[in-house]
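Student: sequence first, then the predicted structure:
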Amino acid sequence: MAEISTTAQLPPSGDKRGEVGERLWAGSMTAITLLLVGVVVYTSAHWGFHPPSQVETIDSTSLHEGGEFSEANLGTVIAPDGSAVVRVVAQQYAFVPDCLVVPAGKPVTIRLASADVVHGFLVQGTNVNAMVVPGYVTTVHTMFKDPGERLMPCHEFCGVGHQAMWARVRVVEPSSFPSDANNKQKAVSCAP
Ligand code: CUA
């Protein structure tokens, strides 16, 4: 009667080398994956990077006809707690208003809608950087520490005038903020 072995055969020595290599490969891939996950967690927690959330739709073809993004509402309003909401329309080839005024050291919410095609915007020297897609409202929450002026270019190719599409963000001390902004009926932008 033949003997039946219940223990697995050990691989010949050549396969052993392969196994070592495979373990090394699996180990280094696991380490890289953990490193990348660590980078995501670190940038989210420490630098406040986050993907856009909150899908909010809007009819981009009728922005001018009234509602949140009608002309009188564009610019900055200050809430009783001192925080600011800035409403901006992105269109070929300008941001309206083209100069945003915001208080330093206060929470700032920027809300943008596109009147035509896909635009993008970033504020120089900050982590504010988002797309503006027709049909959706882009909302960014941020805070500007120091007074000063920053550029806000469109960074998504939107047509022949794309390179000329940019705005400025003027960060001012809350005490020197245009007083009209405290009246919630009137949005303000940079003084001419
Ligand atoms: Cu708008 Cu490029």
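Tutor: The structure has been received and is ready for your questions.

Student: show me the shaky parts of this structure.
Tutor: Counting by pLDDT under 70, the chain shows low-confidence ranges at 1-14, 48-54, 178-185, 191-192.

Student: who does the helix or strand harbouring Lys16 touch, helix- and strand-wise?
Tutor: Per DSSP states H and E, Lys16 falls inside helix 13-47. Here helix 13-47 touches no other helix or strand, going by 3 or more CB pairs under 8 Å, 6 or more residues apart in numbering; DSSP states H and E. To be clear about C-beta, it is placed using only N, CA and C from the backbone, and glycine gets the same treatment.

Student: skip ahead from that helix and say which helix or strand is next.
Tutor: Following helix 13-47 in sequence order, the next helix or strand is strand 75-78 (DSSP H and E).

Student: tell me the strands beside the helix or strand just after that next one, with direction?
Tutor: As assigned by DSSP H and E, the chain's next helix or strand after strand 75-78 is strand 84-91. Here strand 84-91 has these sheet partners by DSSP bridges: strand 75-78 (antiparallel), strand 94-96 (antiparallel), strand 107-114 (parallel).

Student: if we can go back for a sec, next one: the helix holding Lys16 to chain centre, how far?
Tutor: Chain-centre distance of helix 13-47: 30 Å, with CA atoms, centre = their mean, to the nearest Å.

Student: and what of stretch 107-121?
Tutor: 10 Å.

Student: show me what from this protein comes close to the ligand.
Tutor: Residues of the chain found near the ligand (CB under 6 Å from any ligand atom) are His119, Cys154, Glu156, Phe157, Cys158, His162, Met165.

Student: number of nearby residues for Ser44?
Tutor: A count of neighbours around Ser44, defined by other CB atoms under 10 Å, yields 12.

Student: adjust the sequence numbering to begin at 37 for everything that follows.
Tutor: That works, and once the first residue is 37, the last one we named lands at Ser80.
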